[in-house]
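> Here is a sequence with its predicted model. Questions after.
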Amino acid sequence: MVQTYQSPVRVYKHPFELIMEAYQRRFPTTHLMPILVSSEIVNETLSEDKAQHVVERLCKLGFDVPYLLKKLTGVDYVNFRQKNSLDRRKRTLHIETFNESFSNRLIIKETCVYSVHPDNPNWTCFEQAASLDVKSFFGFESIVEKIAVKQYSQSIAKGKEIIEYYLKELEAEGITYVPPFKDASSLKVPAILTTSYDDDKEQSCGGASISSEELNIGASASTVDLQKMEKQFPVDESQFKLEAEYIQRYLGELTPLQESRLIQLRTWVAELQKGKVPSDMTLLRFLRARDFAVDKAREMLSQSLVWRKKYQVDKILSEYQIPRVIKEYFPGSWHHTDKDGRPLYLLCLGQMDVKGLVKSVGEEGLLKLTLHTCEEGLRLCEEATERLGKPISSWTLLADLEGLNMRHLWRPGVQTLLRIIEIVEANYPETMGRILITRAPRVFPILWTIIGAFIDEVTRTKILFHGGTDYSEPGGLLDYIPEEYIPDFLGGPYQFDDGSNLVSIPASFDSFLEEGISSVDGSMVPKSMYMTEEQFEKERQSGCFIYDESVYKCVSLTKGQVHEEVISAAEKGGVICWDFDVTKQDVDFTVLRTKVSVPLKEQVSSPTTHGSPLDVLTSMNQLLVDSDHRSVIERSWKKDIDYFIVENPLACHEGESIQGSHVISVEGTYILQWKFNEPVNHPTHAKDFIESITSSKAKFMYYYEVLNSDDYRGSMTSLHSSQSGFSAISTTTSISMKSRKSLNSGCPSR
């Protein structure tokens with residue numbers, strides 16, 4: 001597997017020419033990089049006007065590697081080639097490096113670019129991309145790869161340290177300004193100077209293999225053919241770039257490889273969603289939840305985005321109204337911040353009437369409340385980040401368990417809690433920074449045994465228990481919460497206003513208080529507020545859904561199957577709009593029109609035990625059994641006579657979000673058709689039937705609507721602009737279904 005690295009944009013607040021002066025001082029060797037044994041110029045070219053200067057070097061690296069590998073390779077050093085292309089007129093330096101040693105066993109490439117900052121000509125930007133491909137290495141491929149990646153991550157910062165060291169050296173020498181290049185046509189300059197240096201020195205292996213790759217990758221100025229690397233690493237695309245200072249300010253300390261993984265995930269989402277990228281903090285949370293494995297984080301994020309879109313989670317903040325029973329009897333609320341600046345949520349779990357709350361609002365009601373709280377927590381984290389000038393990505397939960405007893409182990413309540421934990425961990429990873437549990441009674445270990453297994457190990461490490469009664473002693477609440485915010489019932493000075501149970505919220509939280517939870521002193525919910533037994537059982541059996549009904553429909557297709565939506569009597573001037581996400585495999589989408597009346601689908605009887613084995617096998621084919629997955633287009637119909645293709649077929653791949661619209665110019669019956677993506681003209685055979693019921697299913701969820709010409713108020717030109725409706729997890733909040741009417745594209749679009 002090829003390991004890749006893409007750095008964020010690092011900014012030196014110095015002019016390009018001064019940075020180049022500092023960069024040149026690192027050659028031929030520097031004590032700051034002891035692994036660089038030597039570097040020799042093998043080719044040098046200077047243009048007539050001296051604007052372009054190309055230098056090729058042979059560099060030799062040496063460092064310690066495991067003894068066994070050193071014996072196997074039989075070398076002490078590793079050679080790599082470095083090509084520096086300086087353009088003084090354009091103020092750019094391109095550095096390309098690749099390994100010569102062990103080139104048939106591993107390929108190491110690196111590209112670095114120094115350029116002028118686009119917004120400040122007196123600053124210099126630095127970008128770096130690299131790849132490592134270990135093809136074979138005496139059976140030690142995985143070890144070599146791990147050592148190389150580790151070495152590279154440690155050495156990336158070296159380049160910046162070296163530049164900063166020599167900048168200080170130049171300043172000490174009184175050199176703080178180097179004039180930029182100027183064309184001097186009046187000056188006589190020598191012709192192109194090309195110098196070749198004989199290289200009869202050993203070009204074979206010069207160093208331990210592992211080190212070599214590590215070093216090659218590690219050398220801050222290195223890698224392969226620039227044009228090829230630019231294709232692999234889209235450094236030209238500004239929407240994928242992140243500046244190092246931005247990361248430090250808003251995301252916190254990240255290792256170079258973590259920065260690279262963030263950029264990779266961001267690039268993937270941006271390419272797939274056409275610019276609708278979730279916030280960088282959101283991407284970082286999903287990466288952390290999957291230990292910075294990009295593929296796993298991408299899968300988790302994709303599933304979460306589909307979930308949010310399917311159940312319209314983004315409408316919670318704007319439309320969710322907290323029920324009166326929650327406001328009066330739910331013992332929890334936001335309560336200032338902890339010592340690290342994280343929003344603090346206070347929950348008196350022992351005072352909660354679990355049974356009363358479940359019986360009054362149901363599992364879905366408590367889930368909506370939890371999601372509302374999580375969304376508010378994300379907003380408060382953003383506010384804290386801006387207010388404090390440092391990244392705040394999670395919140396703290398202070399849970400007081402005084403009063404917890406066996407009634408809290410009521411089975412439906414525990415089941416509700418487990419389902420909520422599962423949903424929150426899947427869609428709000430790494431949002432809980434710390435959990436402080438106080439006054440846990442003897443019954444708590446029983447509850448913890450039940451729910452602990454459903455909490456991931458990383459979250460469990462954030463849970464801190466306090467077994468004493470003095471919360472001001474070392475290790476108590478004072479270590480985590482400012483003394484003035486510790487509630488009086490936990491031994492602190494904070495008293496709720498007028499002795500009531502209202503939590504006082506800081507000024508920046510006022511907007512939450514208007515709609516938020518106000519009670520922290522729960523009590524028993526009156527039975528008069530309970531749902532009826534019929535309502536309660538119906539709610540439990542229906543499952544836990546965010547909304548009673550999702551506007552999106554989910555469909556699974558196997559080989560040979562189609563799914564269609566028939567729009568009858570479509571009026572001229574109307575608009576057909578569609579929006580769907582492919583969650584598994586690939587599907588083909590097209591829009592058809594027919595002037596022939598569409599017959600009702602016939603129901604096919606279920607297979608019987610009579611007949612030949614082939615008949616039974618044939619009847620099992622879902623294409624024959626499921627009438628919903630048969631096309632309404634009869635085989636006898638002729639294209640362009642009985643039916644017409646009004647939108648060309650579009651191959652839609654797994655993970656893509658497609659939106660589009662079609663302006664109805666001819667009245668008739670329109671058909672939205674999705675087909676399982678497969679080769680055309682596939683032969684019909686019993687073997688194909690077996691494949692159709694055993695092959696992987698394609699899955700997608702879709703929504704469509706028809707806008708009448710009288711109801712449509714958008715301009716016709718707006719129908720031809722692509723708008724990918726990403727969720728509010730994105731930096732651009734998704735629009736409501738009503739406002740979306742003017743934002744549909746005129747053709748299928750990703």
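Perfect, I can see it now. Quantities reported herein were computed from a predicted structural model and do not represent experimental measurements.

> What residues does Ile392 make contact with?
Neighbouring residues of Ile392 by Cβ atoms under 8 Å, 6 or more residues apart in numbering: 340-343, 381, 384-385. Glycine gets a C-beta too; all of them are placed from N, C-alpha and C.

> Which helix or which strand is home to the most centrally placed residue in the chain?
In the chain, the residue lying closest to the centroid (Cα atoms, centre = their mean) is Leu283, at 3.7 Å. Using DSSP states H and E, the element containing Leu283 is helix 280-289.

> Counting by contacts, list what that helix packs against.
helix 256-273, helix 294-311 (3 or more Cβ pairs under 8 Å, 6 or more residues apart in numbering; DSSP states H and E).

> okay if I get these as TSV plus distance to Arg249?
Shown next, in TSV, are the helices and strands packed on helix 280-289 (distance: least, Cβ to Cβ, whole Å):
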stretch	distance to Arg249
helix 256-273	14
helix 294-311	22
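
> Of these, which is nearest Tyr702?
Closest approach to Tyr702 among the helices and strands packed on helix 280-289 (Cβ to Cβ): helix 294-311, 10.4 Å.

> and that closest one, what does it pack onto?
helix 256-273, helix 280-289, helix 411-427, strand 575-584, strand 698-707.

> Mean neighbour count, the helices and strands packed on helix 280-289: which tops it?
Stretch with highest mean neighbour count among the helices and strands packed on helix 280-289: helix 256-273 (a mean of 21; mean count of other Cβ atoms under 10 Å).

> chain center to that one, what's the gap?
Its chain's C-alpha centre and that of helix 256-273 lie 7 Å apart, by Cα atoms, centre = their mean, to the nearest Å.

> quick one on the thing from earlier: check the helices and strands packed on helix 280-289 for me: which has the lowest mean pLDDT.
Of all those, helix 256-273 carries the lowest average pLDDT, namely a mean of 84.

> Would you mind getting the angle between that one and helix 280-289?
Helix 256-273 and helix 280-289 are oriented at 120 degrees to each other (axes from the mean of the first three to the mean of the last three Cα atoms, to 10 degrees).

> Helix 256-273 vs helix 294-311, what angle?
Relative orientation of helix 256-273 versus helix 294-311 (the same axes, to 10 degrees): 40 degrees.

> Let me have helix 256-273 in CSV, keeping just the CA atoms, if that works.
Written as CSV, here are the backbone C-alpha positions of helix 256-273 (Å, rounded to 0.1, in the frame of the first residue of the first chain):
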residue,chain,number,x,y,z
PRO,A,256,2.7,16.3,10.5
LEU,A,257,1.1,13.0,9.5
GLN,A,258,-2.2,13.9,11.3
GLU,A,259,-2.2,17.2,9.3
SER,A,260,-1.7,15.2,6.2
ARG,A,261,-4.6,12.8,7.0
LEU,A,262,-6.8,15.8,7.6
ILE,A,263,-6.0,17.3,4.2
GLN,A,264,-6.6,13.9,2.5
LEU,A,265,-10.0,13.5,4.1
ARG,A,266,-10.9,17.1,3.4
THR,A,267,-9.8,16.7,-0.3
TRP,A,268,-11.9,13.5,-0.6
VAL,A,269,-15.1,15.1,0.8
ALA,A,270,-14.6,18.3,-1.3
GLU,A,271,-14.1,16.4,-4.5
LEU,A,272,-17.2,14.2,-3.8
GLN,A,273,-19.5,16.9,-2.6
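
> What is it packed up against?
If you count contacts as 3+ Cβ pairs under 8 Å, 6+ apart, helix 256-273 packs onto strand 3-6, helix 141-172, helix 280-289, helix 294-311.

> Nearest to Ala129, out of these?
Among those, strand 3-6 comes nearest to Ala129, with 5.1 Å by Cβ to Cβ.
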